[in-house]
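Asker: need a 3D model of the sequence below.
(one chain, ligands or ions: 3)
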Amino acid sequence: MSVLEIKNLHVNVETEQGTREILRGVDLVINEGEIHAIMGPNGSGKSTLAYTIAGHPKYQVVEGEILLDGENVLEMSVDERARAGLFLAMQYPVEIPGVTVTNFLRTAKTAIDGEAPAIRGWIKDVRESMSNLKMDSAFAERNVNEGFSGGEKKRNEILQLELLKPKFAVLDETDSGLDVDALKIVSEGVNRAHANTGLGVLLITHYTRILRYIKPDFVHVFVAGRIAEQGGAELADRLEEEGYDRYQVAESAAE
Ligand code: ADP
Ligand code: MG
Ligand code: MG
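Answerer: Residues are numbered from 1 along each chain as shown. Ligands and ions are numbered 1, 2, ... in the order given. This is a model prediction of the structure:
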């Protein structure tokens with residue numbers, strides 16, 4: 001049984017105005033096969049949490065821990081995190097000029113598994129996943145994220161998710177900029193990975209829309225760098241009706 005634990009996480013960022021504390025004590029436990037949604041207003045630190053889990057050097061952990069099956073994630077390089085079973089889909093995916101989708105996938109798979117995948121099965125798996133995600137086969141020969149539309153970037157990330165088979169995936173605003181059809185296809189991909197491999201998911205979103213397709217076990221409301229409230233899927237329905245105003249009023253009153 002795999003588990004990803006975030007304990008009392010405090011994260012700073014250096015800005016031109018000086019050091020800013022962005023995460024202010026985040027506690028979160030995700031067990032294998034669980035889907036957790038993090039919802040919150042813009043600027044509340046959701047992406048900072050994702051980048052910190054990913055190991056982005058700009059984000060300095062000043063207190064707290066991240067553990068994957070008891071191993072200290074914060075001591076791992078970005079590559080080691082991927083090998084340990086973490087997958088991060090970023091809000092703004094980067095372009096990789098000169099590297100095709102198919103080469104990227106094969107290189108990543110080889111690095112993560114420690115050996116190259118057997119060629120026939122691999123080609124079949126790639127084709128099947130691309131077809132599930134309704135991606136044209138010509139897509140495989142394009143350079144990663146170069147000139148991709150918003151929807152293509154997100155599908156490409158879910159393609160990676162399906163083929164790399166991580167233990168835990170952090171999906172940062174995977175729903176942003178998707179039309180309903182693309183949202184369904186991407187959500188089905190996440191649900192397949194969840195059903196087939198027991199993937200644990202940390203789904204970061206500003207809107208409740210994606211939660212119609214991916215059913216969370218837990219919903220956490222993120223405000224001003226920490227979890228302000230948690231509940232089940234019904235909490236998302238409440239946010240849909242009431243928005244985040246209530247929490248911001250509470251925050252500013254506390255300050
Ligand atoms: P969210 O994803 O919830 O919208 P972010 O994590 O992107 O929030 O940002 C939280 C706060 O931290 C914002 O005020 C943002 O401006 C600030 N911030 C995040 N990353 C940086 C950075 N690299 N440099 C300066 N400020 C940052
Ligand atoms: Mg604290
Ligand atoms: Mg964000």
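Asker: for the residue of the stretch 101-250 of the chain found nearest ligand 1, give me its contacts.
Answerer: Closest to ligand 1 within the stretch 101-250 of the chain is residue 222: 6.7 Å, counting by Cβ to the nearest ligand atom. To be clear about C-beta, it is placed using only N, CA and C from the backbone, and glycine gets the same treatment. Neighbouring residues of residue 222 by Cβ atoms under 8 Å, 6 or more residues apart in numbering: 38, 39, 40, 44, 45, 46, 49, 228.
Asker: could you count how many residues lie near the nearest residue in space to residue 100 that is not next to it in sequence?
Answerer: Once flanking residues are discounted, residue 100 sits nearest to residue 141: 5.3 Å by Cβ to Cβ, 6 or more residues apart in numbering. By the other Cβ atoms under 10 Å criterion, the neighbourhood of residue 141 contains 10 residues.
Asker: and what of residue 85?
Answerer: Count around residue 85 with other Cβ under 10 Å applied: 20.
Asker: neighbours around residue 153, how many?
Answerer: The tally of other residues near residue 153 (other Cβ under 10 Å) stands at 20.
Asker: assign it to helix, strand or coil.
Answerer: helix (DSSP: H, G, I helix; E, B strand; the rest coil).
Asker: with adjacent residues omitted, what lies nearest to it?
Answerer: Using Cβ to Cβ, 6+ apart and skipping the chain neighbours, the partner closest in space to residue 153 is residue 93 (4.9 Å).
Asker: got the contact list for the one you found?
Answerer: Going by Cβ under 8 Å, 6+ apart, residue 93 touches 145, 153, 156, 157.
Asker: redo that, cut-off 10 Å
Answerer: Applying Cβ atoms under 10 Å, 6 or more residues apart in numbering, one finds that residue 93 lies in contact with 144, 145, 148, 150, 153, 154, 156, 157, 160, 172.
Asker: rewinding a little: so which of the contacts of residue 222 comes closest to ligand 3?
Answerer: Nearest to ligand 3, judged by Cβ to the ion, of the contacts of residue 222 is residue 46 at 4.8 Å.
Asker: so how far does stretch 4-24 reach from one end to the other?
Answerer: Start and end residues of stretch 4-24 are separated by 19 Å (Cα to Cα, to the nearest Å).
Asker: list the buried residues of it.
Answerer: 4, 5, 6, 9, 10, 11, 12, 13, 22, 23 (16 or more other Cβ atoms under 10 Å).
Asker: can you narrow those to ones near ligand 1?
Answerer: Contacts with ligand 1 are made by 13, 22 out of the buried residues of stretch 4-24, judged by Cβ under 6 Å from any ligand atom.
Asker: from what I see, residue 7 and residue 73 are in contact.
Answerer: No - the pair residue 7 / residue 73 is not scored as a contact, 11.1 Å apart, by Cβ atoms under 10 Å.
Asker: what sits in contact with each of these two?
Answerer: Residues touching both residue 7 and residue 73 (Cβ under 10 Å, 6+ apart) are 65, 66, 67.
Asker: okay, these in CSV with secondary structure, neighbour count and distance to residue 81 next?
Answerer: Shown next, in CSV, are the shared contacts of residue 7 and residue 73 (DSSP: H, G, I helix; E, B strand; the rest coil; neighbours: other Cβ atoms under 10 Å; distance: Cβ to Cβ, whole Å):
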residue, secondary structure, neighbour count, distance to residue 81
65, strand, 13, 14
66, strand, 24, 9
67, strand, 15, 12
